[in-house]
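A.B. asks: this one's structure only:
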C-alpha cells in the first residue's frame, strides 16, 4: 500500500509557508497606512522633520555614481549641475541687489560662507521664494541672474554641495533644488536673465 | 569702542538675517549698521576689518570651515568700500599680491578684488 504521509507532510509545510507569507503581507498592508498617517501628522505639526527619506547628496567622489544622471555635458564633472540646465545655474534675488551683483560678483555671506544658486531657471518669484526657502521678509526675488556654470568650472570654481533638495525652514517649505558654492562667483560669469 | 565690540555687533547683525541671503545683501545691512562707527570708532573699525582682510589660506590647505573666514574678507572689502575706509588700501594691495602668489582665493578672484581698490573713494 502506498504511503502518502511524506507527501502530506510536504503539503502541510507548503500550506504553512503560504499562510505565514500571506499573513506577513497582510500585516505590512495594515501597518503602511498607519505609519504614513502618523508621519503625515508629524509633518503637519511642523516639527523639525527634514521631510526627505534620504540625506542630501554631497558633491563628493563617493557619491558620484548616484549623481551621474545629473551630468549636463562632458565639460562638467559628474554631479556638478542638475540635468537640463545647459550648463547654467541661477540666482534669484531682489531687484535692489542686481546692479551690485553684476558689478561686484556674488560673494558668500559671512555667517554661512555660502553662495546659493539653483539649477532651476523657470521659477516664478513666488515659486523661488517658497521652493528655495528664501526669507519672505526680504521681498520677492523678482530678478533672476544666470551663471555660466561650465565656464565657472573651467575657472576652478566648483560647488561645494549639490544639487540637493532645499530643506524646509520655519518660513518656507523648500523642496526645490539648490547648488551651493563656498567661494565668490566673479561678475564675468553672471548675466541678468530676467 | 574696541575691535572686539565691533565684531560682536557684526555677529549680532548677521544672526538676525535669514540663512539664504547673499553676502552682497548681508554686507549692505552690516554697512548700514556700522556707518556711525566709521566716524566715532574709526580706528577700531579699521583694526577689525584689517584682521578680516589678513586671513590667508592656500587652496591646497583649504578646508570647508575656511569658507566662512574667506567670506569675512569679502565682507571687509564691501565695508571698506561702503564706508570709504582709505586706510585699508594697503591691506587690499597686499591681498591682491597674495592672490597672485596663490596664498588665498583663486586667480579668477584677483580682478574682483582689484576693482574694490578703484571703487574706494
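C.D. replies: It's in. Just so it is clear, the model here is predicted, and its values are computed rather than measured.
A.B. asks: For chain B, which residues are neighbours of chain A?
C.D. replies: Within chain B, the positions near chain A by C-beta under 8 Å from any C-beta of the partner chain are B:10, B:14-15, B:17-28, B:30, B:64, B:67-72, B:74-75, B:78, B:105-109, B:111-112, B:115-116. C-beta coordinates here come from the backbone N, C-alpha and C atoms, glycine included.
A.B. asks: Show the buried residues in these.
C.D. replies: B:10, B:14, B:17-18, B:20-28, B:30, B:67-72, B:74-75, B:78, B:105-106, B:108-109, B:112, B:115-116 (16 or more other C-beta atoms under 10 Å in any protein chain shown).
A.B. asks: So which of these sit within strands?
C.D. replies: Of those, none are assigned to strands by DSSP state E.
A.B. asks: Mean confidence (pLDDT) on stretch A:140-149, please.
C.D. replies: For stretch A:140-149, mean pLDDT rounds to 97.
A.B. asks: What is the least confident helix or strand in chain A?
C.D. replies: None of the helices or strands of chain A scores lower by mean pLDDT, DSSP states H and E than helix A:64-67, at a mean of 38.
A.B. asks: quick one: the helix or strand containing residue B:38 to chain centroid distance?
C.D. replies: Assigned by DSSP states H and E, residue B:38 falls within helix B:37-40. How far helix B:37-40 lies from its chain's middle: 17 Å, per C-alpha atoms, centre = their mean, to the nearest Å.
A.B. asks: which residues touch it?
C.D. replies: B:1, B:6, B:9, B:44-45, B:83-85 (C-beta atoms under 8 Å, 6 or more residues apart in numbering or on different chains).
A.B. asks: That helix: which residues count as buried?
C.D. replies: Within helix B:37-40, the residues that count as buried by 16+ other C-beta under 10 Å are B:37-38.
A.B. asks: after that helix, next one along is what?
C.D. replies: Sequence-wise, the next helix or strand downstream of helix B:37-40 (DSSP H and E) is helix B:42-53.
A.B. asks: What helices and strands are in contact with that following helix?
C.D. replies: helix B:3-15, helix B:37-40, helix B:66-82, helix B:89-100 (3 or more C-beta pairs under 8 Å, 6 or more residues apart in numbering or on different chains; DSSP states H and E).
A.B. asks: quick one: low-confidence parts of chain B?
C.D. replies: Under the criterion pLDDT under 70, no range of chain B is flagged.
A.B. asks: Kindly state the pLDDT recorded for residue A:70?
C.D. replies: Residue A:70 is assigned a pLDDT of 39 by the prediction.
A.B. asks: for residue A:8, same thing?
C.D. replies: 71.
A.B. asks: so which helix or strand takes in it?
C.D. replies: Counting by DSSP H and E, residue A:8 is part of helix A:5-44.
A.B. asks: Over to residue B:33?
C.D. replies: Using DSSP H and E, residue B:33 falls within helix B:23-34.
A.B. asks: Centre of the chain to that helix, how far?
C.D. replies: Distance, stretch centre to chain centre, for helix B:23-34: 11 Å (C-alpha atoms, centre = their mean).
A.B. asks: ok and that helix relative to helix B:42-53, angle-wise?
C.D. replies: Helix B:23-34 runs at 160 degrees relative to helix B:42-53, counting by axes from the mean of the first three to the mean of the last three C-alpha atoms, to 10 degrees.
A.B. asks: neighbouring contacts of helix B:23-34?
C.D. replies: Contact with helix B:23-34 is made by A:93-94, A:97, A:100-101, A:104, A:106-111, A:115, A:138, A:184, B:6, B:9-10, B:13-14, B:17, B:45, B:71, B:74-75, B:78-79, B:82-83, as judged by C-beta under 8 Å, 6+ apart.
A.B. asks: Need the buried ones from those residues selected in ChimeraX.
C.D. replies: Buried residues within the contacts of helix B:23-34, by 16+ other C-beta under 10 Å, are selected in ChimeraX with:
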select /A:93,94,97,100,101,104,106,107,108,109,110,111,115,138,184 /B:6,10,13,14,17,45,71,74,75,78,79,82,83
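A.B. asks: Got phi/psi on the residue located most distally from the centre of chain B?
C.D. replies: In chain B, residue B:60 marks the outermost C-alpha relative to the chain mean, sitting 22.2 Å out by C-alpha atoms, centre = their mean. Residue B:60 adopts backbone torsions of phi -70, psi -20, taken as degrees, to the nearest 10.
A.B. asks: residues in contact with it?
C.D. replies: Residues counted as contacts of residue B:60 (C-beta under 8 Å, 6+ apart): none.
A.B. asks: if I look at it, how far off is residue B:102?
C.D. replies: Distance check for residue B:60 against residue B:102: by C-beta to C-beta, to the nearest Å, it reads 9 Å.
A.B. asks: For the residue lying closest to residue A:94 once chain neighbours are set aside, the count of nearby residues, please.
C.D. replies: Take residue A:94 and drop its neighbours on the chain: the residue closest to it by C-beta to C-beta, 6 or more residues apart in numbering or on different chains is residue A:139, 4.9 Å away. For residue A:139, the neighbour count with other C-beta atoms under 10 Å in any protein chain shown is 15.
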